[in-house]
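**Q** need a structure here:
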Amino acid sequence: MTSSDNSVPEIAWLQGFFCAFGWFNSKTDRGYTFTFDVIPKPSSVREAIGQHFAGELKQLELTLLEDWPSACRELLTEWLFEFNSPAITPTDHAYYELKDPHRSFSLSHDYFREMLLSEVQQRLAAAVKPIAVWKASVALRRWYECRYDDIVFEENDRVLYLHFGESD
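**A** Numbers count the residues shown, from 1 in each chain. Model (predicted):
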């Protein structure tokens with residue numbers, strides 16, 4: 001049995017979840033893309049990522065993440081709850097603020113956000129069995145994102161590419 005055989009349901013759950021939260025965080029002039037792609041690994045993680053970007057990759061920098069669960073938790077916290085993030089300027093705040101005056105929305109509460117993060121991390125841990133985890137910084141021949149974070153889970157026979165991005 002390959003690593004991909006026993007993790008398919010978890011990967012499918014994560015793909016749907018990340019797609020939904022990308023839409024959930026999108027605004028009228030800012031779109032969010034959260035993806036979790038499974039890529040065959042021909043001979044190296046670099047080659048797999050190059051194929052993933054279909055020849056558009058100009059530059060790739062990979063930084064090893066020693067404590068990937070903590071790094072992922074930080075990124076999940078930042079990106080999944082972007083809808084509730086503090087504004088950069090007072091104008092942004094007035095324009096983008098998600099109003100929940102009675103705090104009746106569960107994700108307005110730290111307790112429920114922590115529960116959600118724990119669920120996602122458990123599913124991520126069940127889906128990946130990495131030999132190495134990398135933070136990827138990419139430059140493409142085409143537009144990529146205004147802001148992004150990419151995490152690469154390298155396994156023996158595949159690469160799982162987790163992408164969080166924002167574009168206007």
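
**Q** for the protein, what spans make up the helices?
**A** Counting by DSSP state H, the chain has helices at residues 8-25, 45-52, 68-80, 90-96, 110-127.

**Q** Could you save those as a markdown table and add columns showing distance to Ala136 and mean pLDDT?
**A** In short, each C-beta sits where N, CA and C put it, glycine included. Listed next are the helices of the chain as a markdown table, based on distance: least, C-beta to C-beta, whole Å; pLDDT from 0 to 100:
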| stretch | distance to Ala136 | mean pLDDT |
| --- | --- | --- |
| helix 8-25 | 16 | 93 |
| helix 45-52 | 7 | 95 |
| helix 68-80 | 12 | 94 |
| helix 90-96 | 28 | 57 |
| helix 110-127 | 17 | 94 |
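
**Q** can you put those helices in JSON lines and add distance to Gly165?
**A** Shown next, in JSON lines, are those (distance: least, C-beta to C-beta, whole Å):
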{"stretch": "helix 8-25", "distance to Gly165": "8"}
{"stretch": "helix 45-52", "distance to Gly165": "14"}
{"stretch": "helix 68-80", "distance to Gly165": "9"}
{"stretch": "helix 90-96", "distance to Gly165": "17"}
{"stretch": "helix 110-127", "distance to Gly165": "17"}
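
**Q** can you put these in a markdown table and add mean neighbour count and distance to Phe153?
**A** A markdown table is the format used below for the helices of the chain (neighbours: other C-beta atoms under 10 Å; distance: least, C-beta to C-beta, whole Å):
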| stretch | mean neighbour count | distance to Phe153 |
| --- | --- | --- |
| helix 8-25 | 16 | 11 |
| helix 45-52 | 18 | 9 |
| helix 68-80 | 16 | 8 |
| helix 90-96 | 11 | 32 |
| helix 110-127 | 14 | 8 |
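
**Q** what's the closest of those helices to Phe36?
**A** For Phe36, the closest of the helices of the chain is helix 8-25, at 4.9 Å, according to C-beta to C-beta.

**Q** Helix 68-80 and the closest one, what's the angle between them?
**A** Per axes from the mean of the first three to the mean of the last three C-alpha atoms, to 10 degrees, the angle that helix 8-25 makes with helix 68-80 is 40 degrees.

**Q** gap between the residue located most distally from the centre of the chain and Asp110?
**A** Distance from the centre of the chain peaks at His102, with 29.9 Å (C-alpha atoms, centre = their mean). For His102, the distance to Asp110 (C-beta to C-beta, to the nearest Å) stands at 17 Å.

**Q** Over to His163?
**A** Distance of His163 to Asp110, computed by C-beta to C-beta: 26 Å.

**Q** How about the backbone phi and psi for the residue farthest from the centre of the chain?
**A** Dihedral angles of His102 (phi, psi; degrees, to the nearest 10) stand at phi -100, psi 0.
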